[in-house]
Structure formats: C-alpha cells, structure tokens
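Colleague: dropping the sequence and predicted coords here.
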Amino acid sequence: MTSAPWMTVARREIVTKLTDRTFLLSTFGLVLILATVLGVQAWMAGKTSEYAVVTSSSAAHQMAGQVETVAEKSDDKVLVTLEQVSDDDAARAAVEDESADVWLHEGDNGWVLTGRDDVPGDLLASARTAIRDATLDANATAAGTSVDALTSGSEVSTTFLDKDADLAGVAKAVGFALALLFYLASFTFGLALANSVVEEKASRIVEIITTKIAVRQLLAGKVAGNLALAFAQMALFVAVGLVGLTFTDYDRFLPAVSGAVGWFVVFFVVGFGLLACLWAVAGALASRTEDVQTTSTPLTMLTMGVFFAALLTSGTTQVVLSFVPPFSAILMPMRVLDGSAAWWQALVALAILVATAALVVRVAARLYQRSLLQTQGRLSLRQAWSTPE
Amino acid sequence: MAQIEVTGLTRSFGELKAVDDVSFTVPGGLLTGFVGGNGAGKTTTMRMVMGLLASHGGEVRWDGQPMTTAIRRRIGYMPEERGLYPKQKVLDQLVYLGELSGMTAADARASVAEHLERFGLADRAGERVEKLSLGNQQRVQIVAALMTTPDALILDEPFSGLDPSAVDSMVDLLREHASRGIPVLFSSHQLDLVERLCDRLVVLAHGRVVATGSVSELRGAGPELYRLTLGGDAGWVRDADGIHVHDVDGSTALVEPSDDAARQALLRAALDRGDVVDFARQMPALSEIYREVTA
C-alpha cells in the first residue's frame, strides 16, 4: 500500500521536525516554563502561613485574640497562634530566638508590633484592622455612642453589571494566552516552513520531487505536516496549562473557558492553514536561505499585526476585525470567550475565513508552482505571478 | 520497446531562443548521448521532456502518445544541478524519493540497500548527506534515479564529478538498464566517454539539432578519406585521375577518391612507382565531427 503523495510529504515534514533537536528542546523548554509558572501559582495558592504572636500582658493577649479572629477570617490559609509570657523581656527573647514572629504590646500612643527584622504584611494588615475596630469600639462606648452609629452611611460597596467580573478577567487572560500561542505557532512554524521550502529550492531536490508528484501535492503535504505539528505542540501547551490550572485558585473557571477553547481550535486550524500557505510562498520566492528574511517580511508584519490586534483593539474595531481574515482567526474566538460574540457570529466569521483560506490556497499554489523552479535570486510577487510555468 | 519522441520542441527565455525546433528520438534499449557545448540547450530540453519547464512549441511523446505525469513519474531523472536534503540521512531520503515515485517503503528500502551496496556506500546509509564527499553525494543521486527500476532514464551530466572507477560502475549500470529495453538519454561534455559508450548521438548547437545518428554513422558521414604513405615523395598524386587531394606532406597524402575504381587505380599506380608503407581509410574522431557540426 502506498499513501497519497501529500501524505508522504507531510509524514517527512513531521518526522524531520520530531528528530530535530532544536525543535524538541524549544518545545520542552516552553512546557517547562509553563509548568514552572503554574507550579509557583499552585504552591502560592496552597501555602498556609502560620504566625506566632507573643504577648506579655493580659490586655495585649486579649487584643491578639481579636487579631487572630480577623486574620483567620480574611484568609483561610492563615493561622495565628498566641502565647502569653510573664514579662517584656521574655517576650523580647521569644522574638529574638524566633519562637515567635512578633510581640504585640502597648506603646505610648496605641499598639506596637515588634518583629525580629520584619513584620509579615498580611499579619500587620489584620492587626491594624482588629486594633482599629477594637479601639473605635472602646472609644465610641466611652463617648456614649456605638461604632455602628458613628460609621452609619459611610459604607462603600461595589457591584458589577457584568455578572461575573472575575470570569471576564480570566477570559481576557486566557484569550491573550491563546493569542500568544497562535502568534508563536504561526510565526515559528511559518518561518520553518518557508525555510524548508527554500532548502528544497536551494538544494535543487525540488527538481526531482516535482517530476514525481504535482507541486500542489508538495505544497499540501508541507502545510498539512506543519499544521499537524503546530497543532500537536499547541495542544500540549494547552493541556499542560489546563491541568496546571486545576492546581491553582483559578480551577473554578475551567468549565466556562473550555467551551470557547473548542472555537479557538477550529479557528486555529483554518487560520494557521491560511498563513502557512503564504509562508510557503515566501519560501518559494527566495532562492537562498538568506533571502527568506526579505521575502517573508510582509508576512512577519501581518502575523505580528494579528497578535497586536488581539492585544490592543477593543470596541467597534475589535468587532469589525473579528470578521476580517486573518485577524478573525484569533479575535473571534477571543470574543466568544469573553461572551461578546454569539455562536452565529462565530460561524459567519469562520465561513469568511474558510472562503478566504480556499482562495489563498489557490493563489499560493500558483505562486508556489511558478517560483519553485526559478533559482536565480529573489522573485517579486508580480514576477512570480506572471512567470510562465 | 518504448521510445521517447521529441518533435519541434521550442523554448525561449525572453529574447533568447534557448531551444529551437528540436526533434529527436530516444529509442528503447539503446544509450543515446546528448552532446553540445555550454548553452546549447541540453538542460532546457531535458527539463521540458521531464515537464519541469513548459514548452513554447512542439511536443514530447511516449510511444506515440503524449507524455503524461504518470509516465514521467516512472522516469529516472537526474538534474544537472545536484541536490539532496543535506541534513537528512542517505537511506531515509532515498526511501522518501522512492515512495514519492510510488514504491512501497519496504520495496524502496530493499532497492536502496541493493544500489548502495553496488556503489560501495552500504556503510554510509545512516549518515547525513552533507557528511559525504561530493563524489559520493553524486552516487546517492544516481541511486535516486535508478532505484525505482524506471521505464526510462534521463540523466543530465551523470558522469561529471565521478572518479574513473565510479564512471565504470555508472557505465555498467546504464548498459544494464538499457538492456532491459528502456530508452536512456544522457548529456555529457566528455566526448571520449560518449564515443565509447553511446549507441546513438544527438548533437545540439545554439538550440538546434545539428547531427543525429550512431557514432559510426556520424564518423562515416563525411567524405571518404584515405591516407597514403609511400617510400618516396607523394607529390605525383596531385595528377592522378579521379583523386581529390586534401593534403600532401612529403611522403604522405590525404586523398578523396571519386569512386572505388579511382581508389584501386591510385593504389596500383603507387605500387608501380615503388614502396607503399600504408594505405588506409581515415575516420575522423568524434571530437573533429563535433567541432565541425557545432562550429
């Protein structure tokens, strides 16, 4: 059994890449970075802070009890332990030998937290709140009124028209992450594709290959191979990311995010295919590896443009661009993710993208075919288009 | 036996007519040499035969039928400018090319192993092509053209860059494939090699075919010349009947008899006059003919 020529080509692209040490190392490196970032997040989220507070008077001990209540209520990962000692010297000694983190005692005008070389920030914040509340309460009682009466009407609360503002933030973050992945994938794989095309031109092996199979098959195979690789690499990153997220505080957003990721996948495949064909043409227009830099400049700009559009646009511009290929490849799934686009809008954008991709493939195939056997220097698009076969 | 027929093939690059109304046949079972100087149009013609370049006129036929992609896929082709994937291993890329020609991976593997063995490259199969010497890279390229047991061979300068022993194994291989009855066309600058090897010749100059035929036909195509070497002065032959004298130098004369009788009469007259050291047909060397037709 022999497979279709484009599948043989695609298989070679994949095998070549998978045995390329640079590719493997960079993929592994990115996974490592991603895992590290998520690992630190998870560790931070799971970490319990324990503070030992020492006091040397019963008034201070009572106050420390209120600090404990406030601290543990504000964050369930904070644990405060109390210890009362006989006198100031013993308390000072406890902080000195680190059996206690801070010594809470009364100062000339209010309260003092004495630490060895620093006082933990969240403990200090809890102490301020607890002590202010307690002091206010005492002072109000002394003045014949109550804290509630004094602070009545001063409350400032927040509400969001957007039902889940947190989710919107996460959607934005995930959207940017996916936009970055798309940019990285289309740029690195695109450039690699252009280089592999010019390698075939420069080594003239393309003359042998094109007597055996149609140029379209060669182009299709190269694009398919790189698409499969880019997709697998991105799936790996996303999988590591999603698994990693389950260990962090953000795991509650996973169900909301994963549906939109499906849209992202579809747009990725079509958008990447469209750009990959253009990268192949950029490679075919060059005759030597050095030329690729020049012939691919417009494409580099376009790819960066897509990324920055995802990063920077908003409002009407974003809505319009989310229908315009190749911007739609990333902007539309981002809008689906943050809930600003309905499913039918995504379908319309996808239809436009697919139609454009089909057109680009035809144009690219013609340019590719006509420039592939021209080995004298760089070709302009115009030359490539009008070169006879 | 299948044959490749080229009729009226024409191709211009801008103002330049690189190939102008070129017609010839590459018969099956024979080695056809394609000879011509730089820029004569050999490579352009071969590329058009292989469908790499579109022709501006004329056609290429395979056994009377227009040449198709499917047939071309079965032709072993070796381009003038050599190239393989520099970073890929010898075995891997030959198997890849075999698969693109329609072989199964297993068949390709077996055929590659056999051919590498023949060229003494069996132990280099796992090396990257860029690690091989240029001569060995060339051998790998030849394997790429031959490994599919092709229906025809079109080889652009297959001998350039080969050492004498590689030339010999190449010659054996080409003969072997021709003896299967397939058409074999190869271009070369090395006229001595072409003369030794070729059954037929196609000579190209300035984009046109200036001579075709077997080596002996070409060599015999010119006037029938005889060299006469005598014991004494040969000046008298100028007066002999039916003899056109091309050159006389002391005791040696280069003559062109008008017919067999005139030739016999000349020899008798020479014997009557004294000693005849040598009287023989002069065949021009291929290189002389080449210079003549391409001038």
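Modeller: Thanks, I have it.
Colleague: which strands and helices sit next to the helix or strand in which residue A:179 is found?
Modeller: Using DSSP states H and E, the element containing residue A:179 is helix A:165-202. With contacts taken as 3 or more Cβ pairs under 8 Å, 6 or more residues apart in numbering or on different chains; DSSP states H and E, helix A:165-202 sits against helix A:5-18, helix A:215-245, helix A:254-285, helix A:289-295, helix A:297-312, helix A:328-337. Where you see a C-beta, it was placed from the backbone N, CA and C, and this is true even at glycine.
Colleague: swap in 7 Å and give it another go.
Modeller: In terms of contacts (3 or more Cβ pairs under 7 Å, 6 or more residues apart in numbering or on different chains; DSSP states H and E), helix A:165-202 is packed against helix A:215-245, helix A:254-285, helix A:289-295, helix A:297-312, helix A:328-337.
Colleague: look at the closest residue to chain B within the stretch 51-200 of chain A and report its pLDDT.
Modeller: Closest approach between the stretch 51-200 of chain A and chain B, counting by Cβ to the nearest Cβ: residue A:199, at 7.1 Å. On pLDDT, residue A:199 comes in at 87.
Colleague: how many other residues sit next to it?
Modeller: For residue A:199, the neighbour count with other Cβ atoms under 10 Å in any protein chain shown is 19.
Colleague: I'd like to know how far residue B:151 sits from residue A:369.
Modeller: Per Cβ to Cβ, to the nearest Å, residue B:151 is found 25 Å from residue A:369.
Colleague: same question, residue B:25
Modeller: Taken as Cβ to Cβ, the span from residue B:25 to residue A:369 is 30 Å.
Colleague: might you enumerate the residues of the stretch 101-250 of chain B proximal to chain A?
Modeller: Within reach of chain A by Cβ under 7 Å from any Cβ of the partner chain, the stretch 101-250 of chain B has these residues: B:101-102, B:104, B:144.
Colleague: my guess is residue B:32 meets residue B:194, correct?
Modeller: No. Counting by Cβ atoms under 7 Å, residue B:32 does not reach residue B:194; the two are 10.0 Å apart.
Colleague: report all helices and strands that the helix or strand bottoming out on mean pLDDT in chain B contacts.
Modeller: Each helix and strand of chain B was given a mean pLDDT (mean pLDDT, DSSP states H and E); the minimum falls on helix B:286-294 at a mean of 76. Using 3+ Cβ pairs under 7 Å, 6+ apart, the elements in contact with helix B:286-294 are helix B:191-197, strand B:200-205, strand B:208-213, helix B:215-220.
Colleague: any stretches of the stretch 201-350 of chain A with poor pLDDT?
Modeller: Scanning the stretch 201-350 of chain A with the threshold set as pLDDT under 70 gives A:249, A:256, A:259.
Colleague: for the stretch 101-250 of chain B, same thing?
Modeller: Residues of the stretch 101-250 of chain B meeting the criterion pLDDT under 70: none.
Colleague: can you give me the strands for it?
Modeller: B:152-155, B:184-188, B:200-205, B:208-213, B:225-230, B:243-249 (DSSP state E, counting those that start in this stretch).
Colleague: which pair in the residues of the stretch 101-250 of chain B next to chain A spans the largest distance?
Modeller: Largest separation among these by Cβ to Cβ: B:104 and B:144, giving 16.8 Å.
Colleague: so what sits opposite the residue in the stretch 151-295 of chain B positioned nearest to chain A in the bridge?
Modeller: Across the stretch 151-295 of chain B, the shortest distance to chain A (Cβ to the nearest Cβ) belongs to residue B:154, at 8.9 Å. When bridges are called by DSSP bridges, residue B:154 pairs up with residue B:77, residue B:185.
Colleague: which SS class is the closest residue to residue A:366 other than its chain neighbours?
Modeller: With Cβ to Cβ, 6 or more residues apart in numbering or on different chains as the criterion, residue A:366 has its nearest non-adjacent residue at 7.1 Å, and that residue is residue A:385. At residue A:385 the chain is in helix, as set by DSSP: H, G, I helix; E, B strand; the rest coil.
Colleague: how many other residues sit next to residue A:385?
Modeller: Residues lying near residue A:385 (other Cβ under 10 Å) number 13.
Colleague: wait, it touches residue A:369, no?
Modeller: No. Using Cβ under 7 Å, residue A:385 is not in contact with residue A:369, being 10.8 Å away.
Colleague: check contacts around the closest residue to chain A within chain B.
Modeller: As assessed by Cβ to the nearest Cβ, chain A sits closest to residue B:83 within chain B, at 3.4 Å. By Cβ atoms under 7 Å, 6 or more residues apart in numbering or on different chains, residue B:83 lies in contact with A:203-205.
Colleague: now residue A:349
Modeller: A:322-323, A:328, A:332.
Colleague: to which secondary structure element is it assigned?
Modeller: In this structure, residue A:349 is located in helix A:343-371 according to DSSP H and E.
Colleague: and that helix, what's buried?
Modeller: For helix A:343-371, the neighbour count (16 or more other Cβ atoms under 10 Å in any protein chain shown) marks A:345-346, A:348-350, A:353-354, A:356-357, A:360-361, A:364-371 as buried.
Colleague: contact residues of chain A facing chain B?
Modeller: Near chain B, when you scan chain A using Cβ under 7 Å from any Cβ, you find A:1-2, A:5, A:8, A:12, A:16, A:203-205, A:207-214, A:373, A:388-389.
Colleague: buried ones from those residues, can you make that a ChimeraX selection?
Modeller: A single ChimeraX command selects the buried members of the residues of chain A next to chain B (16+ other Cβ under 10 Å):
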select /A:2,5,8,12,16,203,204,205,207,208,209,210,211,212,213,373
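Colleague: which SSE is residue 71 in?
Modeller: Here I'm looking at chain A. Using DSSP H and E, residue A:71 falls in helix A:58-74.
Colleague: not quite, I wanted chain B
Modeller: helix B:69-72.
Colleague: can you list contacts of that helix?
Modeller: Contact with helix B:69-72 is made by A:211, A:214, B:50-51, B:62, as judged by Cβ under 7 Å, 6+ apart.
Colleague: try 6 Å
Modeller: A:211, B:51, B:62 (Cβ atoms under 6 Å, 6 or more residues apart in numbering or on different chains).
Colleague: which of the residues you listed fall in helices?
Modeller: Among the contacts of helix B:69-72, the members falling in helices (DSSP state H) are residue A:211.
Colleague: tell me the one of the contacts of helix B:69-72 nearest residue A:128?
Modeller: residue A:211 (81.4 Å).
Colleague: next up, the contacts around the closest one.
Modeller: B:50, B:72, B:77.
Colleague: look at the second one and say how many residues are nearby.
Modeller: The one in question is residue B:72. So residue B:72, with other Cβ under 10 Å, has 21 neighbours.
Colleague: pLDDT value on it, please?
Modeller: Reading off the confidence values, residue B:72 has pLDDT 89.
Colleague: again, but for the first one
Modeller: pLDDT for residue B:50: 91.
Colleague: just to check, it is in contact with residue B:77?
Modeller: Yes. With contact defined as Cβ atoms under 6 Å, residue B:50 reaches residue B:77; the gap is 5.2 Å.
Colleague: who has more neighbours out of those two?
Modeller: Neighbours of residue B:50 and residue B:77, each counted by other Cβ under 10 Å, are more numerous for residue B:77; the result is 24 against 20.
Colleague: next, residue A:56: phi, psi?
Modeller: phi -130, psi 10 (degrees, to the nearest 10).
Colleague: that one: what's it in contact with?
Modeller: So residue A:56 contacts A:85, A:87-88, A:91 (Cβ under 6 Å, 6+ apart).
Colleague: and residue A:78, how many neighbours?
Modeller: 19.
Colleague: three-state assignment of the residue of chain B closest to chain A?
Modeller: Assignment for residue B:83 (three-state DSSP): coil.
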